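Chemist: build me a structure from this.
(one chain, ligands or ions: 3)
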Amino acid sequence: MISAFTGQQIRDAEQPLLDSGEGAVLMQRAAYGLAQAVIRELKKKRRLAGASVTVLAGKGNNGGDGLYAAAYLARRGMRSTAVLAADSVHAEALAAFRAAGGRVLQLGTSNAEELAVLCAGEDVIIDALLGTGARGGLRDAPAELIAALQELGPRLVVACDVPSGLDAGTGEVHWPVLDADVTVTFGGFKAGLLTDPGEGCAGRVELVRIGIESALPEQAPELRRLTGRDLGALLPRPGRRSHKYSRGVLGVVAGSSRFSGAAVLGVHAAALAGVGMVRYIGPEPAARMVLSRTPEALWESGDPGRVQAWVVGPGVDGEEQLGRAGAAVEVALGNDLPVVVDAGALSLLPERCPPHWILTPHAGELASLLDSLPSTGEVAVTRADVESRPLHFVRQAAQQTGATVLLKGATTLVASPSGIVFSQSEGTPWMATAGSGDVLAGVLGALVAQAADGIADDDAAYAGLGLDPADRWAAVAAVAASVHGRAGTVASAACDGGPLTASAIAAAVPGVIGSLSAEYDRTIP
Ligand SMILES: NC(=O)C1=CN([C@@H]2O[C@H](COP(=O)(O)OP(=O)(O)OC[C@H]3O[C@@H](n4cnc5c(N)ncnc54)[C@H](OP(=O)(O)O)[C@@H]3O)[C@@H](O)[C@H]2O)[C@@H](O)CC1
Ligand SMILES: Nc1ncnc2c1ncn2[C@@H]1O[C@H](COP(=O)(O)OP(=O)(O)O)[C@@H](O)[C@H]1O
Ligand SMILES: [K+]
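Modeler: Ligands and ions are numbered 1, 2, ... in the order given. Okay, the predicted model is just below:
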């Protein structure tokens, strides 16, 4: 599992070393790691020989890291320039940079545009204006420089610790920000690099160890991200004595005369994700389509019979189908069953949901959901609000509803009502396609049914990852988001990174689950 921390958590871990006079050593390690990453990137682009580098240096330690890294690169023979964005910068680092033969330019009130043009011609820019000590975003001349440079489109940008202007703890972004190709971060992942909009500016994130890692609060990170190995440990597998009922039966209330495709995709994805059986509840025309795509499913036109979990909501429309969704929600509440509540059913929530109810809104749906809660207050929450502060709002929704909340996006966040949050980002932008969310609902429903009470005895698997069993539903949702994202990436890769349909995502799910499980089984001690 990858753990990510706030700027404050990182500073707290650094403090004992700073108190014992080791601050300079930490900075040297950070700068060396940064310089090595720049060299690796240039080598990949075959631009290392005679390359030019410009470091944009701010007044704090982030600027110090950047200047020391640029000094190292100058000694390696690179043409190195420092653009100083403040009157005073880290004195020792600047002296080292000058001693290495670097050229120093001062950013002023009148030369931002001119320096932006110069920077755009460089082989690599190191963004070391602001790090974890930032309060708000860039202003004045540095803001002008970054806005102009972003517009010009530099060749290669390596961000020092975080892209400047990004809040390291929340991922909120104060524009303008220079999009990085790579962010080299020190000591521990910053939560803001693993949640949008920050993750969207950070490019690939590389971690450089600087010696503070053992002091980080591994048991209480701000964000968690499951790796392939974690997925391998958590994905359910049938045993020799399994039968279809012991593997979990999923009830699905989805689709309608208008949106029958949502039912077709959700049921098919659930079947492909390994559930024992699917019972479909919906109008006959939709049921015919569901069964022609997934003959393994049952159509329940009357009493739905016993299930271990429900998916309620994808494509649900019209009085009749909303009535069936409402009835399923009542049954689930009465029998204490887990439910995936999506799309049309998000308006059917009781005042307080149990944590094994997993809500799956996108940003627009989360804004409407929060607005509908009496506890939200007077000021309306908009889709733009959610998109600019997803971590804040997903946590708020979990706390206010009592449910586990999965907020869909390029990075998908899952908040448990306990406050812990998972972040998964394995997908491709091609997944922004109609029906993609219905496939996710089906995959999640299948995993929830297989994790339901009396079906799985998997507390040890969660404990092995340092997770409280109470947070298992958030972990299951994170597994589903990851499997879904990986399936999209695999499906797109099968056509050389080309476009995909929701059906193609679903078709790739068994292969993803198979290879994650097989890889884990090959490597367990
Ligand atoms: N601690 C260590 O030993 C290690 C730290 N490391 C590195 O240090 C970084 C953190 O360094 P940091 O704390 O100096 O803060 P940093 O982000 O460089 O800049 C803050 C400075 O900028 C200013 N400022 C703030 N907001 C501003 C704004 N909006 N616009 C303009 N100015 C603004 C503010 O000045 P003020 O306004 O308060 O006078 C303050 O002086 C961290 O990201 C990592 O790279 C590593 O080397 C490992 C060892
Ligand atoms: N830019 C993106 N990159 C990666 N995944 C994305 C992106 N945009 C959307 N997705 C994923 O695609 C799915 C879209 O779901 P949703 O918005 O409910 O669409 P629909 O209702 O059309 O099925 C979500 O799982 C989301 O995480
Ligand atoms: K930076």
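Chemist: pLDDT at the nearest residue to residue 347 once chain neighbours are set aside, what is it?
Modeler: Excluding the flanking residues, the one nearest residue 347 by C-beta to C-beta, 6 or more residues apart in numbering is residue 372, at 7.1 Å. Placement of C-beta: from N, CA and C, glycine included. For residue 372, the model assigns a pLDDT of 93.
Chemist: and residue 372, how many residues sit next to it?
Modeler: If you count neighbours by other C-beta atoms under 10 Å, residue 372 ends up with 11.
Chemist: helices or strands next to the host helix or strand of residue 64 in the packing?
Modeler: Assigning secondary structure by DSSP states H and E places residue 64 in helix 61-75. Counting contacts by 3 or more C-beta pairs under 8 Å, 6 or more residues apart in numbering; DSSP states H and E, helix 61-75 is packed against helix 23-44, strand 52-57, strand 79-84, helix 91-99, strand 124-128, strand 157-160.
Chemist: just send the ones you listed back as JSON lines, with mean pLDDT, mean neighbour count and distance to ligand 3 too.
Modeler: What follows is the helices and strands packed on helix 61-75, written out as JSON lines (pLDDT from 0 to 100; neighbours: other C-beta atoms under 10 Å; distance: least, C-beta to the ion, whole Å):
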{"stretch": "helix 23-44", "mean pLDDT": "97", "mean neighbour count": "19", "distance to ligand 3": "10"}
{"stretch": "strand 52-57", "mean pLDDT": "98", "mean neighbour count": "27", "distance to ligand 3": "8"}
{"stretch": "strand 79-84", "mean pLDDT": "98", "mean neighbour count": "23", "distance to ligand 3": "13"}
{"stretch": "helix 91-99", "mean pLDDT": "98", "mean neighbour count": "18", "distance to ligand 3": "14"}
{"stretch": "strand 124-128", "mean pLDDT": "98", "mean neighbour count": "29", "distance to ligand 3": "5"}
{"stretch": "strand 157-160", "mean pLDDT": "98", "mean neighbour count": "29", "distance to ligand 3": "4"}
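Chemist: tell me the helix or strand right after the lowest-mean-pLDDT helix or strand in the chain.
Modeler: Least confident helix or strand, the chain: helix 459-464 with a mean of 89, by mean pLDDT, DSSP states H and E. Of the helices and strands lying after helix 459-464 in sequence (DSSP H and E), the nearest is helix 472-493.
Chemist: tell me what that next one is packed against?
Modeler: helix 228-234, strand 357-359, strand 404-407, strand 412-415, strand 421-424, helix 436-451, helix 459-464, helix 502-523.
Chemist: which residues touch the least confident helix or strand of the chain?
Modeler: 233, 234, 468, 469, 471, 472, 475 (C-beta atoms under 8 Å, 6 or more residues apart in numbering).
Chemist: just the buried ones from those, in PyMOL syntax?
Modeler: Under the burial definition 16 or more other C-beta atoms under 10 Å, those of the contacts of helix 459-464 that qualify are selected in PyMOL by:
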select buried, resi 233+234+471+472+475
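Chemist: which two among the contacts of helix 459-464 are spaced furthest apart?
Modeler: 233 and 468 (15.9 Å; C-beta to C-beta).
Chemist: which residues in the stretch 251-400 of the chain form helices?
Modeler: Remark: helices of the stretch 251-400 of the chain, listed N- to C-terminal, are 260-272, 284-293, 319-335, 363-372, 383-388, 390-401; assignment by DSSP state H, counting those that start in this stretch.
Chemist: using PDB, list the CA coordinates for the last one.
Modeler: Think helix 390-401. Output of helix 390-401 as PDB, limited to C-alpha atoms (Å, rounded to 0.1, in the frame of the first residue of the first chain):
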ATOM      1  CA  PRO A 390     -12.700  16.300  -4.100                       C
ATOM      2  CA  LEU A 391     -10.900  15.100  -1.000                       C
ATOM      3  CA  HIS A 392     -12.800  17.500   1.200                       C
ATOM      4  CA  PHE A 393     -16.200  16.800  -0.200                       C
ATOM      5  CA  VAL A 394     -15.900  13.000  -0.400                       C
ATOM      6  CA  ARG A 395     -15.000  13.000   3.300                       C
ATOM      7  CA  GLN A 396     -17.800  15.300   4.100                       C
ATOM      8  CA  ALA A 397     -20.300  13.100   2.200                       C
ATOM      9  CA  ALA A 398     -19.200  10.000   4.100                       C
ATOM     10  CA  GLN A 399     -19.400  11.700   7.400                       C
ATOM     11  CA  GLN A 400     -22.800  13.200   6.700                       C
ATOM     12  CA  THR A 401     -24.500  10.100   5.200                       C
END
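Chemist: from the middle of its chain, how far away would that helix be?
Modeler: 15 Å (C-alpha atoms, centre = their mean, to the nearest Å).
Chemist: please apply the same query to the longest one.
Modeler: Distance of helix 319-335 from its chain centroid, counting by C-alpha atoms, centre = their mean, is 31 Å.
Chemist: just checking, what packs against that helix?
Modeler: Secondary-structure packing of helix 319-335 (3+ C-beta pairs under 8 Å, 6+ apart): strand 249-253, strand 309-312, strand 339-341.
Chemist: partners of the shortest one in the sheet?
Modeler: In the sheet, strand 339-341 lines up against strand 309-312 (parallel), strand 357-359 (parallel) (DSSP bridges).
Chemist: that strand - what's its average pLDDT?
Modeler: Rounded mean pLDDT across strand 339-341 is 98.
Chemist: now swap in stretch 139-156 and tell me
Modeler: 98.
Chemist: need the CA coordinates for it. CSV is fine.
Modeler: Presented in CSV, the C-alpha positions along stretch 139-156 are these (Å, rounded to 0.1, in the frame of the first residue of the first chain):
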residue,chain,number,x,y,z
ARG,A,139,1.4,35.9,-7.2
ASP,A,140,2.8,38.8,-9.1
ALA,A,141,5.8,38.2,-11.4
PRO,A,142,6.2,34.4,-10.6
ALA,A,143,2.5,33.9,-11.4
GLU,A,144,3.0,35.8,-14.7
LEU,A,145,6.1,33.8,-15.6
ILE,A,146,4.3,30.4,-14.9
ALA,A,147,1.1,31.4,-16.8
ALA,A,148,3.1,32.5,-19.8
LEU,A,149,5.4,29.4,-19.7
GLN,A,150,2.4,27.0,-19.4
GLU,A,151,0.9,28.7,-22.5
LEU,A,152,4.2,28.3,-24.4
GLY,A,153,4.4,24.6,-23.6
PRO,A,154,7.9,23.8,-22.2
ARG,A,155,9.7,20.6,-23.4
LEU,A,156,10.2,18.9,-20.1
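Chemist: pretty sure residue 296 is in contact with residue 271, am I right?
Modeler: Yes: with contacts defined as C-beta atoms under 8 Å, residue 296 counts as touching residue 271 at a distance of 5.3 Å.
Chemist: report the set of residues contacting both of these two.
Modeler: Common neighbours of residue 296 and residue 271, counting by C-beta under 8 Å, 6+ apart, are residue 278.
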